[in-house]
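Novice: curious how this folds, go ahead:
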Amino acid sequence: MDDQNKNLILATALSFVVILVWFVMFPPPETEPVDPNQTVSETQGELTPPRAETGPGSTDATTGGTSGEGPEEALDAPRLDIDTPRLKGSVSLQGGRIDELLLKNYRETIEPDAEIVRLLSPVGTDNPYYALYGWAPGSGLTSEDVPGANTVWEIESGGTLTPDSPVTLRWDNGAGLEFRRELSVDDDYMFSVRQSVENGGDQTVSLAPYGILARHGTPDDLKNFFILHEGVVGMADGELTETSYSNVEEYEFNPREGAPAEVTQVSENGWIGITDHYWMTTLIPEQGSPFKAVSKYDPRRGIYQTETVQPTRSLAPGETSVSDTRLFAGAKEWATIRSYQNEAGVARFLDSIDWGWFFFLTKPIFAVLHWLNVLIGNMGWAIIGLTLLIKIVLLPLAYKSYVSMAKMKELQPQMEQIKEQAGDDKQKLQKEMMELYKKEKVNPASGCLPILLQIPIFFSLYKVIFVTLELRHAPWIGWIRDLSAPDPSSLYNLWGILPWAAPEPGSIMALIFIGILPLCLGVSMWLQQKLNPAPTDPTQKMIFAWMPWVFMFMLGSFASGLVIYWIANNVITFSQQYLIMRSQGYKPDVFGNIMSSFKKKTPQTGTDNKK
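Specialist: Alright, predicted model coming up:
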């Protein structure tokens, strides 16, 4: 088999491996099957209610209005407006549900006139998603005695809910119990919910305060990507749990909860909620107090549900019971969530951001990146600054590695002489080589260490860029308007020179006709290789020749921020290696190595000729 056929087979095999790895790492999103005969009313569903813990001789009842009584269509119910610097929406007085919430500072796309992001939606819309609070009845009460999902509350005080004006809702059950719910909100994304009940009757009753987050179906923009967690997220006494929507669906049926459910008893600090890529809703009971955290799934209605149920309390005639809880509903901004953790006492709230297995790297990497962004004012330049800082930290290892490489170049004639003397005696060759390395104090494996360290750093930075909200819609220069998205330019229209549009992102055409940043990446990797002569082994030479261009296409559809990091890393590495090797007396022949790559060896004579 001649060399051209060998090269063709090798290139085909490499291409197949790249495509296979690509589809393993980036599987196409799975679409949920839709029943064309399903009506809107069928998707509204009923909530599986929490249950009050009951003592001896008491009955076990379910929450009023939620046991067999799902939230009815509430679009025409009276509403209470929400207006803050960062949120707008409304509360339905039917059930007192926080069920309409939009994020003022975020839009669906980078276009200035795009719709702002909608987080919560009421029952009766396409994707109902809401928070509901209430009291689970215990001994002495039935579901009719407590407010439920369809109970219509009246406004006792307040008007529009703003950071400066809380609102109090009231409902009287007509049998001696008077319920109040005071809602307040801060300037960011945290609601405070104070529930109280006053027993004006002549009998002692028991009941338990609860909060519910209910989502009907999965979100339309569900990524289904292995590197990102979407679904239920919770913290229970220092232990983080993350459960995807598909795993929630696989819960075993829990008779106590009346649905497939997972129950966790939290003794002191915790929270539970539902997280999207960039947004999250979280129930946060009073920290330092016990509660029951529940995640459920109703397979018949397709409702995902999280709950916090506080301990049952007895209420004697004339007594009042108060329950305080909080609801986070908004964007997963690092600084905002960090302030809730450090200043508002929400235990380990930063862990609600999906930092992944390399959290010990992703957390500090993002902290430095955030600091640089505040200092510089541009996330793209902050990524380049972060790359420079990482290279400075790794400089001692890089210095040792490049010094070793320079010495290896100096030892090349002696190594060739040892190979000739050893002939086919591999044991002798290895022994004499090791003696030479020991004598000259050279470690041939030292050059691998900086590369090995780059692997977890690269993956961690990829995780940070993909997961964190701060990169979303963040511009850099010119055509790069979203660092979390691939380079929008394309060779297909000569990067905007020709008068037709670039291929759709994610398509095969977009993968082939790469943008400017991926091209710069390939060139930077190719130039970095030219610091050293090409390997003499034909197979190694072919792999090294293909590697920059394979990476160029493979990373072409990655986030622009990650490609910027890789380009900056290559440029800094090139400069470091060149200067360090020069300082050791070895001058890399970059131009000569580039020119040699345009030559080929003729099989007849074995001499080099220009093409």
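
Novice: what separates L350 from S244, distance-wise?
Specialist: Distance, L350 to S244, using C-beta to C-beta, to the nearest Å: 21 Å. Quick note: C-beta positions are derived from backbone N, CA and C, even for glycine.

Novice: am I right that L327 is in a helix?
Specialist: No - assigned with DSSP: H, G, I helix; E, B strand; the rest coil, L327 falls outside any helix and is strand.

Novice: do I have it right that it meets V193?
Specialist: Yes - using C-beta atoms under 8 Å, L327 is in contact with V193, at 6.2 Å.

Novice: so for these two, which residues contact both of them?
Specialist: Applying C-beta atoms under 8 Å, 6 or more residues apart in numbering, one finds that L327 and V193 are jointly contacted by G211.

Novice: may I see the buried residues of stretch 263-272?
Specialist: Using 16 or more other C-beta atoms under 10 Å as the test for burial, stretch 263-272 gives T264, V266, N269, G270, W271, I272.

Novice: that stretch: end-to-end distance?
Specialist: This stretch, stretch 263-272, spans 11 Å end to end (C-alpha to C-alpha, to the nearest Å).

Novice: numbering from 24 from now on, please.
Specialist: Okay, residue one is now 24; in that scheme the one you just asked about reads as stretch 286-295.

Novice: measure the nearest residue to A525 once chain neighbours are set aside to Q218 for me?
Specialist: Spatial nearest neighbour of A525, excluding adjacent residues (C-beta to C-beta, 6 or more residues apart in numbering): S513 at 3.6 Å. Separation of S513 from Q218 (C-beta to C-beta): 56 Å.

Novice: neighbours around P135, how many?
Specialist: The number of residues packed near P135 is 6, by other C-beta atoms under 10 Å.

Novice: got it, and the one 4 residues further on?
Specialist: A count of neighbours around I139, defined by other C-beta under 10 Å, yields 13.

Novice: I'd say it and Y129 touch.
Specialist: Yes - applying C-beta under 8 Å as the test, I139 and Y129 come out as touching, 6.4 Å apart.

Novice: list the strands paired with the host helix or strand of M258, with their directions.
Specialist: Secondary structure assignment for M258, by DSSP states H and E: strand 254-259. The strands beside strand 254-259 in its sheet (DSSP bridges) come out as strand 262-267 (antiparallel), strand 293-298 (antiparallel).

Novice: which residues touch the nearest residue to W302 once chain neighbours are set aside?
Specialist: Excluding the flanking residues, the one nearest W302 by C-beta to C-beta, 6+ apart is L142, at 5.4 Å. By C-beta under 8 Å, 6+ apart, L142 lies in contact with L124, L125, L126, Y152, W302, T304, A352, G353.

Novice: where along the protein do the helices fall?
Specialist: Remark: helices assigned in the chain by DSSP state H are 26-48, 268-272, 357-365, 382-399, 402-416, 418-433, 435-445, 449-463, 471-490, 531-535, 539-552, 561-577, 583-606, 613-619.

Novice: out of these, which is closest to E179?
Specialist: Nearest to E179, of all these, is helix 357-365, at 28.5 Å by C-beta to C-beta.

Novice: count the residues that sit near the closest residue to G341 other than its chain neighbours.
Specialist: Closest residue to G341 apart from its sequence neighbours, by C-beta to C-beta, 6+ apart: N222 at 6.6 Å. Look at N222: counted by other C-beta under 10 Å, it has 21 neighbours.

Novice: which ones are touching N222?
Specialist: Neighbour list for N222: G199, L200, V228, L338, A339, P340, G341, E342, T343 [criterion: C-beta under 8 Å, 6+ apart].

Novice: change it to 7 Å
Specialist: Residues in contact with N222 (C-beta atoms under 7 Å, 6 or more residues apart in numbering) are G199, L200, V228, L338, A339, P340, G341, E342.

Novice: which residues does the third one bridge with?
Specialist: Think V228. L338.

Novice: go on, the second one?
Specialist: With DSSP bridges applied, the residues forming beta bridges to L200 are N222.

Novice: which of the helices of the chain has the lowest average pLDDT?
Specialist: Ranked by mean pLDDT, those bottom out at helix 26-48, with a mean of 42.

Novice: which one of the helices of the chain lies nearest to I105?
Specialist: I105 sits nearest to helix 357-365 of all the helices of the chain, at 17.6 Å, using C-beta to C-beta.

Novice: can I get the CA coordinates of the closest one in CSV?
Specialist: Output in CSV follows, covering the C-alpha atoms of helix 357-365 (Å, rounded to 0.1, in the frame of the first residue of the first chain):
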residue,chain,number,x,y,z
TRP,A,357,-23.0,34.9,40.9
ALA,A,358,-22.7,38.2,42.8
THR,A,359,-26.4,38.3,43.8
ILE,A,360,-26.6,34.6,44.9
ARG,A,361,-23.3,35.1,46.8
SER,A,362,-24.8,38.1,48.7
TYR,A,363,-27.8,36.0,49.7
GLN,A,364,-25.4,33.3,51.0
ASN,A,365,-23.0,35.5,52.8
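
Novice: now do it: everything it contacts.
Specialist: Counting by C-beta under 7 Å, 6+ apart, 211-213, 369, 371-373, 375-376, 389, 393, 491, 493 sit against helix 357-365.

Novice: of those residues, grab the buried ones for PyMOL.
Specialist: Listed next is the PyMOL selection for buried residues among the contacts of helix 357-365, using 16+ other C-beta under 10 Å:
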select buried, resi 211+212+213+369+372+373+375+376+389+393+491+493
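
Novice: so which of the contacts of helix 357-365 sit within strands?
Specialist: Filtering the contacts of helix 357-365 for membership in strands, criterion DSSP state E, returns M213.

Novice: farthest pair within the contacts of helix 357-365?
Specialist: Spanning the widest gap among those are M213 and F389, at 21.7 Å by C-beta to C-beta.

Novice: let me know the pLDDT of F381.
Specialist: 88.
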